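> When you get a sec, could you give me coordinates for this:
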Amino acid sequence: MELIAESEMKVTSVIPIPGGSTLVSEGNVGKYGKVFASHNLHSNSATRNAGNFDGEARALMEDGTAIGASLQGIWKRDGNKITIHSLDDASNGDQNYVVIEVDMKAMKSLVKVHSV
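Presented below is the predicted three-dimensional model:
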């Protein structure tokens, strides 16, 4: 897999949902331009430290075109850090493996996008 983008995104809100939380983020992510994403984290344990997720992303590229993507994968929390492993299927045909390291105290995440 080829690393195609590495970026920092801002977590703009955390929304409680039944059995988990939704993280909403935004930031500039390489060739995708301005990206807006939501990750619905569903807990699979009594400790609520791990589980699966689904989500959506929208990207507004520099040339004005828009891309949508469905997101799905797994996540794990260790203290105030959440690691998300995502498989993204974009409307332009791109398929990516993305690792997101979220710092809940700083409300920021480091995003690494790999082409599949």
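
> Just the pLDDT for the spatially closest residue to N49 that is not a sequence neighbour.
Spatial nearest neighbour of N49, excluding adjacent residues (C-beta to C-beta, 6 or more residues apart in numbering): R77 at 4.7 Å. To be clear about C-beta, it is placed using only N, CA and C from the backbone, and glycine gets the same treatment. Per-residue pLDDT puts R77 at 96.

> and the most far-flung residue of the chain relative to its centre, what element?
Ranked by distance from the centre of the chain (C-alpha atoms, centre = their mean), the top residue is A46, with 23.4 Å. Using DSSP states H and E, A46 maps to neither a helix nor a strand.

> Show me what the strand or helix carrying L71 is packed up against.
Here L71, judged by DSSP H and E, is contained in strand 66-78. Packing contacts for strand 66-78, counted by 3 or more C-beta pairs under 8 Å, 6 or more residues apart in numbering; DSSP states H and E, involve strand 34-43, strand 50-60, strand 81-90.

> Give me the contact list for the last one.
Outside strand 81-90, the residues that touch it by C-beta atoms under 8 Å, 6 or more residues apart in numbering are 23, 39, 41, 53, 55, 57, 59, 67-77, 94-104, 113, 116.

> Can you say which of the residues you listed are buried?
The neighbour count (16 or more other C-beta atoms under 10 Å) marks 23, 39, 41, 53, 55, 57, 59, 67, 69, 71, 73, 75, 77, 94, 96, 98-100, 102, 104, 113 as buried among those.
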